[in-house]
Structure formats: C-alpha cells, structure tokens
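Peer 1: Sequence and predicted model, in that order:
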Amino acid sequence: MQQLNQLEARHTSSLADLRSSEHANLLDERLGDIGPRFGDIEPLTMFHEEWSELRLDPEMHSDSLRFEVAAHWESTPPLPRFSGEYRIPAPMEIVSQGTDPSASMLNDDFHREFVSELRYFDNSYASGRGFMSYLRMVPNSSPLQVWFSALVGTNFPPYPPGYVRLDLTYNEYLSALLLTKGLYGWQYLYADVSFGDPALEHLTECLRNGLDALPDMFPGWDYTSLSQRLEARL
C-alpha cells in the first residue's frame, strides 16, 4: 500500500471529520485510488501541443493529491441551514481535459482565448449549482492563476461575465478547502469582491451561518481568518 503524503492524509482526515460529524449530513463522498503524480505525467505536450513552455507550480509536484476526493453535505437541525460541496479530480483528469466547448461559442476573441486556457479542478459535481474552479494553463506563467466561476452575474472586464480570479495558488486552494469543507461561496472570500454586489449578496447568509457554526463542528480548526475575510467584503 502506497503511503499518503501530508496533503493526502489531511484530506482523508477532513473527509472522515465530515462523515463523523453529528451536525453534518454527508449526502455523498468519494475517495479514489492513488494514481500518478503531476510529475509522473509529463511532458504536458502529450495532452496539448501548445504546452511545451507550460510549467506547473513546484508545489504541485512535491505535495498534491494523487486521487479524487469529493464531498456533498448539508447542516442538520438545530443548526441554521448551510451546505457545502467539492470535488478535486486526480492529476490525470485535470491535465487530460480538452478545451471547454463553450469557448467556441464566445464572440469576443479574448473571451474565447481565456476560456480555452482553463482546466477545472473543483466543481459542483452533485448539486448542480454550477460552480467551477480552474487553473489557467498559460505557458511561462508562475504560479498558475486560479479562477472561479459560478451561475452569478459578476462582471470583471475584460474577462467573461461570471469569472473571478482568486488570490490562491492550486496548493493553497487545496489547503483552504480543508478549512472551509467546501462551504458554498467560500471562494469569494479569496477574491476582490464585495458581498454588497447584488450578484453575490445571496451568499452572505450561507457563509455567515457556516462560519458561525463550523468552529463548533470542527473545533480543531481556527476560522478567525475566514470570518475576517467575510466582514471585510460586506
């Protein structure tokens, strides 16, 4: 049996915490088999001929998940209603994705090029809420940019509506996920946004309810920084 690296062990433990919590109803979970590391599936030109100068972040080689991990959960009474979801694919699935078909339907040249550069690494796989987190696979860019999109009307020109850049690297995102457990809307806590934006204000209640309750649900974690991020965006 292969030994788990530190990040894999922490994600396995985080999933177990959700499973055992009396305040969370775990609707679905996935924990895949260990597969190749990012470093085992290079050169990246095997997947896209224009990736000869693409360099993955060093941390993606040294400490990343080698398996799929996913969860879909909701709070249970008497807690107020809030929920979360995430699905992190294995490295092979991330790099072997083709271009998003929606890119070809965009009229703006920059929008089309931008969307064609994105490869998702987190999504709403069970609820249908329509969110995705992406790596922007641009050669000679380090670290790789992380972007988020959801079915909301945010607008940050010149980028397509609905897309927002996160102030996180890929590995930082995976670490933040251990804390947030996929609480709906958590990604916006790492973006330059305001929850006063009509497109986002509906997320405030879920985030506030979750950040008020998560410290008691998972007492080994410190949620102070997330609460501060929320308050700074109200």
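Peer 2: Structure's in. What do you need? Residues are numbered from 1 along each chain as shown.
Peer 1: moving C-terminal of the helix-or-strand element of the chain with minimal mean pLDDT, what's the next helix or strand?
Peer 2: One helix or strand of the chain scores below all others by mean pLDDT, DSSP states H and E: helix 58-62, with a mean of 91. Downstream of helix 58-62, the next assigned helix or strand under DSSP states H and E is strand 69-75.
Peer 1: So what touches the next helix or strand after that next one?
Peer 2: Going down the chain from strand 69-75, the next helix or strand is strand 83-88, by DSSP H and E. Here strand 83-88 makes contact (C-beta atoms under 8 Å, 6 or more residues apart in numbering) with 11, 30, 65, 68-75, 121-127, 129, 174, 177, 180-184, 186, 206, 210. Any C-beta I mention is one placed from the backbone N, CA and C, and that applies to glycine too.
Peer 1: Now, of those, which are buried?
Peer 2: 11, 30, 65, 68-75, 121-126, 174, 177, 180-184, 186, 206, 210 (16 or more other C-beta atoms under 10 Å).
Peer 1: just to revisit the earlier point, hey, C-alpha coordinates of the least confident helix or strand of the chain in CSV?
Peer 2: The C-alpha coordinates for helix 58-62 follow below in CSV (Å, rounded to 0.1, in the frame of the first residue of the first chain):
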residue,chain,number,x,y,z
PRO,A,58,6.8,23.4,-7.9
GLU,A,59,4.4,22.6,-5.0
MET,A,60,2.1,20.7,-7.4
HIS,A,61,5.0,18.2,-8.0
SER,A,62,6.0,17.9,-4.3
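Peer 1: for that helix, packing partners?
Peer 2: For helix 58-62, the packing partners by 3 or more C-beta pairs under 8 Å, 6 or more residues apart in numbering; DSSP states H and E come out as helix 170-180.
Peer 1: Now do the helix it packs on against strand 83-88, angle only.
Peer 2: Computed by axes from the mean of the first three to the mean of the last three C-alpha atoms, to 10 degrees, the angle separating helix 170-180 from strand 83-88 equals 150 degrees.
Peer 1: quick one: helix 170-180 to chain centroid distance?
Peer 2: With C-alpha atoms, centre = their mean, to the nearest Å as the basis, helix 170-180 stands 8 Å off its chain's centre.
Peer 1: Who are the packing partners of it?
Peer 2: For helix 170-180, the packing partners by 3+ C-beta pairs under 8 Å, 6+ apart come out as helix 6-20, helix 58-62, strand 83-88, strand 118-123.
Peer 1: Could you list the low-confidence segments of the protein?
Peer 2: Within the chain, the stretches with pLDDT under 70 are 1.
Peer 1: and with 90 instead?
Peer 2: Judged by pLDDT under 90, the chain has its weakly predicted residues at 1-2, 42, 62-63, 99-107, 128-130, 140-142, 151-156, 199, 202, 220.
Peer 1: Chain neighbours aside, what residue packs nearest to Asp216?
Peer 2: Using C-beta to C-beta, 6 or more residues apart in numbering and skipping the chain neighbours, the partner closest in space to Asp216 is His23 (7.6 Å).
Peer 1: that older thread, buried set for the least confident helix or strand of the chain?
Peer 2: Neighbour-count burial for helix 58-62, counted by 16+ other C-beta under 10 Å, picks out Glu59, Met60.
Peer 1: so how far is that helix from its chain's centroid?
Peer 2: The answer for helix 58-62 is 17 Å, by C-alpha atoms, centre = their mean.
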